[in-house]
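Q: Predicted model, plus sequence, below.
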Amino acid sequence: MSMGTAIAGFWAERSSRERLVLLVAVTVALAAALYAFVWEPGLAARKSLSETLPRLRAQLEDMRLQRVEIVALRKELEAGSRRGDLGNLLRAAAARTLFAKSVERIDPLPNGGVLVRAAPVSFDAWLDWLEDLQRELGVRLEACRVSALEQPGLVRVEARFAPRSAAAAGSAP
């Protein structure tokens, strides 16, 4: 006997009142299952999304404002790099560092670049200065030789810099 015939036989043996009670029980069970497995998770997800959506919209607006600010800063940076001589920009930037007295030479190079020699320089201070040059002035480090000195943490540096416009043009190091 198949399952369908077994159910049909079971249903045929029941009185109309028993059938009504069974239909109500199945309907209630289906409604409870629908609520528990579909409706309630949907409501929870809706509540969660309604709580996070304003925060995400605010973050998006912040990102849009930051994008506008970044574009403006890049334009300003490019204009500043074109306005000033790279050697003068590096001298001014080096004068504001902790190792300003350690800078031995800042010499212009024929290709528009600049050669900087400094010793003794704290390696961490040198890296911080490089980061500032790249971020604030748009200067690119083309080549660098760092030699350790006897005192830990101090180095001798010989570095060749190029303006960002030279980096965009693809000048060779």
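A: Looks like it came in fine. Numbering: from 1, shown residues only.
Q: Got the confidence number for the residue nearest the centre of the chain?
A: Nearest to the geometric centre of the chain sits residue 63, at 11.0 Å (CA atoms, centre = their mean). For residue 63, the pLDDT comes out at 96.
Q: heading toward the C-terminus, what's the first helix or strand past the helix or strand harbouring it?
A: If you go by DSSP states H and E, residue 63 is part of helix 40-83. Tracing the chain C-terminally past helix 40-83 and defining elements by DSSP H and E, one meets helix 86-95 next.
Q: what's residue 85 in contact with, if anything?
A: Each residue near residue 85 by CB atoms under 8 Å, 6 or more residues apart in numbering is listed here: residue 108. Just so you know, the C-beta spots here come from the backbone N, C-alpha and C atoms, and that holds for glycine as well.
Q: Next one: it from residue 161, what distance?
A: Counting by CB to CB, to the nearest Å, the separation of residue 85 from residue 161 is 12 Å.
Q: What of residue 108?
A: Distance from residue 108 to residue 161, by CB to CB: 10 Å.
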